[in-house]
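S.K.: Structure for this input, please:
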Amino acid sequence: MPRWRRSSHSGPNGNCVEIAWRQGAGGINVVVRDSKFPGQEPLVFTPAEWAAFLEQAKTGDFDALACPPATRQPPA
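M.R.: Just a heads-up that it's a prediction; the model follows:
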């Protein structure tokens, strides 16, 4: 049974991402779930895939996905 950890950036409204480590047939995996739906099957990543995702998140590669183009403000 995975030990789930909630994001420290989660708000009080329940919109949370939780992660855990899980032993799979091919080794250790990182599993990710939406805390509002804990019974659904989590997303599964290899440690290398998870590390690549975190690196891209830290460098802002996903910032454009945070809000739709119609609501984005042009740079000042």
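
S.K.: which stretches of the protein aren't confidently modelled?
M.R.: Along the chain, segments meeting pLDDT under 70 span 68-76.

S.K.: Please enumerate the helices of this structure.
M.R.: Listed in chain order, the helices of the chain (DSSP state H) span residues 47-58.

S.K.: Strands of that one, start to end?
M.R.: In the chain, the strands defined using DSSP state E lie at 5-6, 17-24, 27-34, 43-45.

S.K.: how about TSV for these, with distance to residue 56 added?
M.R.: In short, each C-beta sits where N, CA and C put it, glycine included. Shown next, in TSV, are the strands of the chain (distance: least, C-beta to C-beta, whole Å):
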stretch	distance to residue 56
strand 5-6	20
strand 17-24	15
strand 27-34	15
strand 43-45	13
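
S.K.: quick one: contacts for residue 38?
M.R.: Residues in contact with residue 38 (C-beta atoms under 8 Å, 6 or more residues apart in numbering) are 4, 18.

S.K.: right, so of the strands of the chain, which gets closest to residue 64?
M.R.: Distances from residue 64 to each of the strands of the chain were compared using C-beta to C-beta; the minimum, 19.2 Å, belongs to strand 17-24.

S.K.: got the strands of the chain as a markdown table, with distance to residue 53 and mean neighbour count columns?
M.R.: Supplementary listing: these in a markdown table, determined by distance: least, C-beta to C-beta, whole Å; neighbours: other C-beta atoms under 10 Å:
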| stretch | distance to residue 53 | mean neighbour count |
| --- | --- | --- |
| strand 5-6 | 16 | 11 |
| strand 17-24 | 11 | 14 |
| strand 27-34 | 9 | 16 |
| strand 43-45 | 7 | 15 |
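
S.K.: and of those, who's closest to residue 61?
M.R.: Distances from residue 61 to each of those were compared using C-beta to C-beta; the minimum, 16.2 Å, belongs to strand 43-45.

S.K.: To what extent is the spatially closest residue to residue 33 that is not a sequence neighbour buried, counted in neighbours?
M.R.: Using C-beta to C-beta, 6 or more residues apart in numbering and skipping residues adjacent in sequence, the residue nearest residue 33 is residue 42, 4.0 Å away. Neighbouring residues of residue 42 were enumerated by other C-beta atoms under 10 Å; the total is 19.
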